[in-house]
Structure formats: structure tokens, C-alpha cells
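# need a structure here:
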Amino acid sequence: MTSVKGDFVFGRHAGIDFLKNESADKINKVFLQNGVQTEFANQVYGLAKKKHLIVQEVPKNKLDKLVPDANHQGLVLAISSFEYADLDDLVEKIADKENPFLLMLDSIEDPHNLGSILRSADATGVDGIIIPKRRASGLTSVVAKTSTGAIDHVPVCRVNNLVQTTKELKKAGYWFFGTAMEGQDYRYWDTKGKCVLVIGNEGKGISPLLLKQMDQTLTIPMVGHVQSLNASVATGVLLYQMLNNKMPLSK
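A predicted model of the protein is given here:
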């Protein structure tokens with residue numbers, strides 16, 4: 001039986017070999033079964049630490065669901081079949097562009113949301129997307145399918161620390177706009193200049209440390225009974241505000 005199934009590598013030999021030889025960008029998550037032998041667990045943790053990867057200990061039935069009918073031997077790696085862009089290269093590439101626009105996603109966990117956001121980003125001309133390496137969906141076949149091809153056209157950069165990345169981009173002249181309930185009505189948002197829109201996690205929103213880095217916060221007014229929108233829907237609304245600023249209707 002093969003040791004690769006969809007977006008997963010499983011089994012002790014295949015998993016350890018992948019951890020040793022593949023780039024960290026190829027590995028989205030490391031799942032280790034609770035209670036495996038200490039020596040094996042230490043080996044997994046040691047290799048993961050070298051690549052700055054988080055190991056998530058889970059019960060056996062979780063691994064059984066990830067790779068059904070497979071002999072995972074207590075180790076499953078969620079991997080990416082898609083290439084990530086280098087953020088420095090992307091920033092340099094768009095440095096001379098008028099009104100460059102980046103999208104930063106703070107721990108979007110649902111791959112369907114990420115795929116939908118990629119689709120909206122492509123439709124509105126976003127120059128690139130920044131996601132964290134930890135506790136977030138990476139580029140998987142589910143993301144690719146949901147994006148309906150947009151994954152091939154919108155560069156996605158994966159970074160270790162969103163706060164540090166924000167500080168570096170600010171030095172390059174970018175202004176940061178985040179979503180928050182108490183923010184300014186997004187319809188007044190001026191997206192001229194170098195902009196980064198930050199979208200928070202589906203349940204928790206933008207993390208407190210990252211929120212402190214925002215130059216301005218935005219809110220989408222709602223008049224119905226439900227006072228929140230799905231992350232991908234909210235992103236689409238805000239991206240079209242950006243596009244409206246870039247491409248105002250001619251009178």
C-alpha cells in the first residue's frame with residue numbers, strides 16, 4: 001500500500017523520511033498518535049523542531065479518519081502539493097506597481113474558506129496572500145478545488161510570524177487595515193497606496209498582538225439579526241470595496 005494518500009503522508013518510515021528530506025513548506029501539519037513509544041515520539045519532535053513545525057498529538061481515531069484503511073503506525077503528515085511564493089520576491093516584484101494590495105489571513109482554518117478567499121482575491125486583482133505556517137489551513141487539494149483554479153494565479157506566501165511580517169512590511173511603506181466590530185464603516189475605506197487587508201480567524205478574529213499593529217480597523221454594518229459574516233464572505237465584500245476604489249465607475 002502506498003504511503004501517500006491525497007494530502008497526507010503516513011507511516012513511520014515514510015513520515016520520518018519526509019520530515020528529514022522535504023522542505024518545511026511542503027508540510028502543513030504533523031499529527032502524532034497519543035501514547036506512541038517515547039523514542040519514536042522524541043524522534044518526531046526533534047525533526048519537527050528543526051523545521052519549526054508544530055506536532056499535534058491526537059487519538060488514534062483521528063488518524064484513522066485522516067487516512068482511512070491505511071496503516072498509519074501513529075504518524076500522519078498533512079502535506080501541500082502546491083508551491084508557496086517567497087514574500088520578499090513578491091514585495092520586490094510589485095514595488096513599482098500603483099496601489100499594490102496584499103491580503104493577510106490570520107489563522108483561517110477551514111480549507112473551504114481559504115479556497116473561496118483565493119477565488120475572490122483573483123477576481124479583484126489582489127497581488128498576493130500571506131498566511132501563517134502554524135494553526136491555519138495550507139494549500140491542499142480541497143483549497144484548490146474550492147478556488148476553481150484561482151490557486152494557480154494568486155501567489156500565496158507562508159510566514160513564521162505575522163506580527164514580525166507586519167512590522168517588516170510597514171518599513172516598506174505598507175498600511176494595515178484589519179476587521180473589527182468597533183472599526184470604521186468599510187464604505188469610507190480609502191485603499192489608495194500600499195495596503196494590506198487583514199482577515200481574522202473564523203471564530204476568534206484577529207489575534208490581539210496583530211490587532212495592535214493595525215493602522216485602521218474596518219467593520220461591515222449589518223442590519224439583520226445575525227451580527228457576523230462568514231470569513232470568506234466578509235473578505236469578498238471588503239475586496240470589492242478595494243476594487244471600487246481602483247476602478248471607479250465612469251460618469
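
# Name the residue closest to the centre of the protein, please.
Residue closest to the average C-alpha location in the chain (C-alpha atoms, centre = their mean): Ile131, at 3.3 Å.

# That residue reaches Glu109, doesn't it?
No. The pair Ile131 / Glu109 is not scored as a contact, 10.8 Å apart, by C-beta atoms under 8 Å. C-beta coordinates here come from the backbone N, C-alpha and C atoms, glycine included.

# okay, and the common contacts of these two?
Taking C-beta atoms under 8 Å, 6 or more residues apart in numbering as the contact rule, Ile131 and Glu109 both touch Ser137.

# Who does the residue nearest to the centre of the chain form a beta bridge with?
With DSSP bridges applied, Ile131 shows beta-bridge pairing to Arg158.

# Next up, the contacts around Thr148.
Residues in contact with Thr148 (C-beta under 8 Å, 6+ apart) are Gly115, Arg119.

# how far does stretch 104-113 sit from the chain's center?
In this view, stretch 104-113 has its centroid 5 Å away from the chain centroid, taken as C-alpha atoms, centre = their mean, to the nearest Å.

# With stretch 166-185 instead?
17 Å.

# tell me how far the ends of it are from each other?
End-to-end distance of stretch 166-185 (C-alpha to C-alpha, to the nearest Å): 23 Å.

# Ok, stretch 66-84 next?
In stretch 66-84, first residue to last residue: 23 Å (C-alpha to C-alpha).

# so where do the helices sit in the stretch 151-251 of the chain?
Under the criterion DSSP state H, counting those that start in this stretch, the stretch 151-251 of the chain contains helices at 162-171, 208-211, 231-246.

# For Thr124, which of those is the nearest?
helix 231-246 (4.2 Å; C-beta to C-beta).

# What are the buried residues along the closest one?
Ala231, Ser232, Ala234, Thr235, Gly236, Leu238, Leu239, Gln241, Met242, Leu243 (16 or more other C-beta atoms under 10 Å).

# What count of nearby residues applies to Pro68?
Pro68 sits with 9 neighbouring residues when counted by other C-beta atoms under 10 Å.

# what's the answer for Arg158, then?
Neighbours of Arg158 under the rule other C-beta under 10 Å: 21.

# Hmm, Val154 is touching Val126, no?
Yes. Judged on C-beta under 8 Å, Val154 makes contact with Val126 at a distance of 6.2 Å.

# So what are the sheet partners of the strand ranked longest in the chain and their directions?
In the chain, assigned by DSSP state E, the strand with the most residues is strand 175-185. Next to strand 175-185 in the sheet, as set by DSSP bridges, lie strand 195-199 (parallel), strand 216-219 (parallel).

# quick one, it and helix 162-171 angle?
Between strand 175-185 and helix 162-171, the angle comes out at 100 degrees (axes from the mean of the first three to the mean of the last three C-alpha atoms, to 10 degrees).

# mean confidence score for strand 175-185?
Taken as a whole, strand 175-185 carries a mean pLDDT of 93.

# can you pull the buried residues of it?
For strand 175-185, burial by neighbour count (16+ other C-beta under 10 Å) applies to Trp175, Phe176, Phe177, Gly178, Thr179, Ala180, Gly183.

# cool, stretch 87-106 as well?
Leu87, Leu90, Val91, Ile94, Pro100, Phe101, Leu102, Leu103, Met104, Leu105, Asp106.

# what distance separates the start and the end of that stretch?
Start-to-end, stretch 87-106 (C-alpha to C-alpha) is 16 Å.

# Distance from that stretch to the middle of the chain?
With C-alpha atoms, centre = their mean as the basis, stretch 87-106 stands 16 Å off its chain's centre.
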